[in-house]
Every structure is written in C-alpha cells, then in structure tokens.
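S.K.: Here is the input, now give the coordinates:
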Amino acid sequence: MSVGPEASSDDPERTGEASRMRVVFDFDGTLRTGDAFTGFYLSLLQAMPLRWIVVVLISPLAVALGLLPGGRRRFASVLLWAGTFGVSDQAVFTAMRRYAREAPGETRFFEAGIECLRKHQQAGDNPVIVTGAAEALVQELLREKQLVVPVIGSQLRRTFGGLTCSDHCFGRRKIEMLSDRGYPATWQRTYSDSPADLPILKAAAEAVLVNPNEDRILRISSALERAPMVRHWS
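M.R.: Numbering: from 1, shown residues only. Sure thing, here's the model as predicted:
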C-alpha cells in the first residue's frame, strides 16, 4: 500500500474563481489538541464539585446506554445532563466563554493548522469546520482565536432540566449535517486526524491526514483505496 505524500504549501499558485475550493476541517486533533468538549465538561464539574456525586451515580446508566447501537450520543447525553441539571442555559454558555479564555495550557491550537485555514480564506476558498464537539463551544474557542469561519457541530437541547445532545455530529452524520447547511458532498479537500472521519475523507477529492502515525496512514489509505496527503502540524 503506498503512503501519501507529505503535503507542501497549502495552496500554491492558485488564482481565479475556478481555483476556489470548498474545504472541510475537522476540529479536535486537527486544528486543536485534545477533546474540546471533554475539557469543557471537566472544567464545569470542577466549578461545582458536588456535581461529581451525581455524575458517578448515573455513570452505570450512561455506560449501559452507550453499549446499545448508536449509543455514543446517549452516553454523552446522560453525562451531560448530570452535569448541567438545574444549571441555566446562560450559565452554561458563560462557562463556555470562560473555558475558551482560560483553557488549560496542555490544550492549544495547532498554529500551522490555523495558518492553513487562514490561507484558504485568503485564497477565496470556502472553508467550514465540522466537529463532534458542541457547536456553541467551538464557536467560542474560535472567537478567542479571532477566527471567523462557519462551524457545524453537535447540537444541545434542554431535556428534563438539563442539557442533552440532540444531534451528534459524528461519522456519516457529518456529511448529512454539512449538506443540510448548504455544503453538499462536493468539496475539494478534507483535513482530519481521525478514522471516524472516513465518510468526509472519502467524499473529498483530496484527503489530508493531520499528525498521523504510520499505522493510521496505512489503515486510512486502505479504506480510501487511495493515498491521502499528510501534514504534521504543531
């Protein structure tokens, strides 16, 4: 199995309307280290230590639901509900803004990835971020980075006094949500770090893997039946 070339400059020598591209970026692990929503959720619980008791007590139910088909959303929803029951929407969004300002030092944006995204914007391309993280949280993180770019992510709603995930932007659902928002699967390039994004990688003319190890390159190359480009961002 051939391994894809190391991508060079982001958009070399492209000019004119015909050269403009629709470009899709994953977020966690692609533009930023770590898992944004997990980091936010833990910061929320740290601000309300007694809430850990509720989370621990309800965790067995979350795990049981997570084992069912399509259980990833249910697992996340139960834990999110336990952490936000009785907390107003305004308080949650205020906590998101605070997390975006004060995120721990071990979580950071890949500056090379941000530069790549900005180069696409400067070239007149149409980049969009599609992420499994909560859309509202990612928007706050980008605002702190002074980035204006469309975001499509998981949706939250209030259910029995707490927040749950009403629509999990994950796997093939990313393609459906992109299409619903006016980004049908005709994009030129997808950037991602994860095998979970095979649907959006396959749908692009060019697949770009971010910071993969050799095994991941081979696995995704086999699934795509073509060699992806590779970028190492820091």
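
S.K.: use CA for all of it now, contacts and neighbours both
M.R.: Noted.

S.K.: Tell me if I'm right that residue 55 and residue 82 touch.
M.R.: Yes. The pair residue 55 and residue 82 qualifies as a contact (CA atoms under 8 Å) at a distance of 5.5 Å.

S.K.: These two: who's more crowded?
M.R.: Of the pair residue 55 and residue 82, residue 82 is the one with more neighbours under other CA atoms under 10 Å, namely 23 against 18.

S.K.: remind me which residues of this structure are low pLDDT?
M.R.: Applying pLDDT under 70 to the chain flags residues 1-19, 105-106.

S.K.: That one: strands as residue ranges?
M.R.: Using DSSP state E, the strands of the chain run over residues 22-25, 126-134, 151-159, 162-167, 189-192, 206-210, 229-231.

S.K.: Point to the residue nearest the middle of this structure.
M.R.: When CA atoms, centre = their mean is applied to the chain, the residue found nearest the centroid is residue 131 (2.7 Å).

S.K.: gap between it and residue 177?
M.R.: 10 Å (CA to CA, to the nearest Å).

S.K.: returning to what we had before: nearest spatial neighbour of the residue nearest to the centre of the chain, chain-adjacent residues omitted?
M.R.: In space, and not counting its chain neighbours, residue 131 is closest to residue 153: 4.7 Å by CA to CA, 6 or more residues apart in numbering.

S.K.: Check whether that neighbour really touches residue 139, as I assumed.
M.R.: No. Look at residue 153 against residue 139 with CA under 8 Å: they stay out of range, at 9.4 Å.
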